[in-house]
Structure formats: structure tokens, C-alpha cells
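Undergrad: pasting a predicted model and its sequence here:
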Amino acid sequence: MYKLLLVSNRQEVQDAFASFEHWEALGFRPPRTTDSCDNAVACLNMHHADAVAVALPEAERIRLMKALEEWPYLPVMQASEDPAIITRNLQETEQVLSRIHVDYSNDRYDIREQMLMARHAYFRRFLAGYSDDEQAFRRKLKLLRSHMDPDKQCVLMHLQLDEMNDYMEVQWHYGVERLEVAIRNILRAEKHGVRMLLSMDGSKDAYLIACPMLGSEKMTPEELLAIAEEHVDNGIEHLREYLGLKIQKDRVVLLPCLYDLPEEAKKMRSGIA
């Protein structure tokens, strides 16, 4: 059973969580409850929690999210007084927890790495078109502890790996999954307040997302594009020099927000200009 910490100063929320009856069926124990950022931090320092549910005034919520940077692997869900919303949010949280706590018995377990892999898996599905509605998308970003700002412009870049089949046969013998990890480790980054995330689609295509992070300084579209393109150009050169892999930068598009990614990726896959 997963352990949840509720952080809310709203009595109606505390009462709704106290009277909720389906904890065990949803994979959770009844939660510990605190009413402020400071008390939540004190509780986390004393007691284990697998996830945090939050309903606080905006200023206090921002303080808490800043404090939770010390626990970057804890999914954060929105708390509510509505039992139906509580149930939905717990179900989504349990799905994330099941993913990041999956047992790889033969591998060294690293929960931070598992959270990172869960984010990559979600964005891969998101770009492939298995998209949530916008509100669900925003909830998933919080659960996955993404620092990408969903309200700022972002860049989507299509990268072609046209020689992948020959490369896999001649130079790389460790499988597509390990090659994706190697490429992703080189191209993922945080630079100048921008997070770069790579997602591969099969064996010939990859997509790089570049998005300003929460709390980052305002930048112009030109500045964002320049940061993304410089990073990718350097990464492509690094992959060619150290792995012998040739990647071509195909299309670069500036989008109004992250939620527009699936539609643009669909256009890129179909070759629509």
C-alpha cells in the first residue's frame, strides 16, 4: 500500500479525505494530514511518503512546490473535497507510482531514474497521439514532477536517423532500447532555463522538445529557438564523433504551448509542411 501525505488548510478537503472509504481498493493507506508547507516538510523529514496531495492558497502552494524539490521523485496530485475527483486523482497517482516503483530485480534501483523514465514514456505516448485532454495533461505533468512550463512557447524538432538499420547491423549491437538511452543521455539537458527532452519513434525518427522551465526568465521566440538549435547541433556532432551515428535535423517548429505537441508531431510523421 502506498503512503500519501495530504497538505491542506481547507477543512472541507480534510473532512473529505477523512471520510473517504476506498483507500485500500485504490492501493493506498489513509493519509497523514498537515496544513502548511512547513509542517509538510517536517512530516516528510520524519515519515516516508510515496506521494503528496495538495490544496493550499497559491502563495503557500508555491512555497511547498519549491520545498518539494528536495523530494523530486514524489508525485504531486491536486487534493479536492469531491469524492469522484479524489478517486480519479488517486487512480492516476497509483499508475505513476506503479511505474516508478516497478521491480527490476537484476538492476540497480534508482527512483530518480525511474521517475525520469516514466516522464519519457509519457511524452512518447503523448507525441504518438495517445493524448489526454488538457486538464489531464497538466495533472500528469505534476504527477511526473516535470519542470516544463505548459503555458510557455516550446520547440518541437524532428530528427531523422536514416542510416539506423545499417548502423545497428554494423556498429551497434546492443539493441534499439540501449541506443535510445545513449542518444537521450546526450541530447537531454537543462540549459539557460530550457529543458530539452528526446523521444524516439521507432528506429528512424526522433523528436526533441525544448520548453522553458517553470520560473525561468522570459525569453523571446528567437532566443528559445537559438538555445534549442545550438544544443541539438552540438549533440548531433557529439553523436557523430563518439558513436559514429549520423542524425539529420529535419524540421524545427515553434509552438504556442506543450499541449500542441501531438498535432504537430502527427504533421511531421505524415510529411505535412
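TA: Everything's here; your move. Numbers count the residues shown, from 1 in each chain.
Undergrad: let me see the mean pLDDT of the lengthiest helix in the chain.
TA: Looking across the chain with DSSP state H, the single longest helix is helix 221-243. Taken as a whole, helix 221-243 has an average pLDDT of 93.
Undergrad: beta partners for Glu190?
TA: Arg195 (DSSP bridges).
Undergrad: quick one: it and Thr87, what's the gap?
TA: 35 Å (Cβ to Cβ, to the nearest Å). Using the backbone N, CA and C atoms, a C-beta is placed for each residue, glycine as well.
Undergrad: likewise Leu4?
TA: Leu4 sits 13 Å away from Thr87, going by Cβ to Cβ.
Undergrad: out of these two, which sits in the busier spot?
TA: Each of Leu4 and Thr87 has its neighbours counted (other Cβ atoms under 10 Å); Leu4 has more, 25 against 15.
Undergrad: how about the more buried one, nearest residue that isn't a chain neighbour?
TA: Pro31 (4.0 Å; Cβ to Cβ, 6 or more residues apart in numbering).
Undergrad: I'd say the one you found and Met1 touch.
TA: No: using Cβ atoms under 8 Å, Pro31 is not in contact with Met1, being 11.2 Å away.
Undergrad: between these two, who's got more neighbours?
TA: Pro31 (22 against 11).
Undergrad: quick one, what contacts that one?
TA: Applying Cβ atoms under 8 Å, 6 or more residues apart in numbering to Pro31 gives the contacts Lys3, Leu4, Leu5, Leu6, Phe17, Ala53.
Undergrad: now do 7 Å
TA: Shown in contact with Pro31 (Cβ atoms under 7 Å, 6 or more residues apart in numbering): Leu4, Leu5, Leu6, Phe17, Ala53.
Undergrad: among those, which two are most distant?
TA: Leu5 and Phe17 (10.8 Å; Cβ to Cβ).
Undergrad: count residues in the vicinity of the nearest residue in space to Leu143 that is not next to it in sequence, would you?
TA: Spatial nearest neighbour of Leu143, excluding adjacent residues (Cβ to Cβ, 6+ apart): Pro75 at 4.3 Å. As a burial measure, Pro75 scores 25 neighbours (other Cβ under 10 Å).
Undergrad: can you verify my assumption that Pro75 contacts Thr93?
TA: Yes: using Cβ atoms under 7 Å, Pro75 is in contact with Thr93, at 5.4 Å.
Undergrad: can you list residues touching both of those two?
TA: Ala51, Leu143.
Undergrad: any idea how far whichever strand or helix holds Glu12 is from the middle of the chain?
TA: Assigned by DSSP states H and E, Glu12 belongs to helix 11-19. Taking Cα atoms, centre = their mean, to the nearest Å, the mean C-alpha location of helix 11-19 is offset from the chain mean by 29 Å.
Undergrad: so where do the helices sit in the stretch 51-200 of the chain?
TA: Ranges of helices in the stretch 51-200 of the chain, per DSSP state H, counting those that start in this stretch, are 58-67, 83-100, 111-127, 134-143, 164-170, 176-187.
Undergrad: can you pull the buried residues of the fourth one?
TA: By 16 or more other Cβ atoms under 10 Å, the buried positions in helix 134-143 come out as Phe137, Arg138, Arg139, Lys140, Leu141, Lys142, Leu143.
Undergrad: list the contacts for the third one?
TA: In this case it means Arg139. By Cβ under 7 Å, 6+ apart, the contact set of Arg139 is Gln78, Glu92.
Undergrad: check the first one too.
TA: Neighbour list for Phe137: Tyr259 [criterion: Cβ under 7 Å, 6+ apart].
Undergrad: just Gly27 next, same as before
TA: Met1, Tyr2, Glu94.
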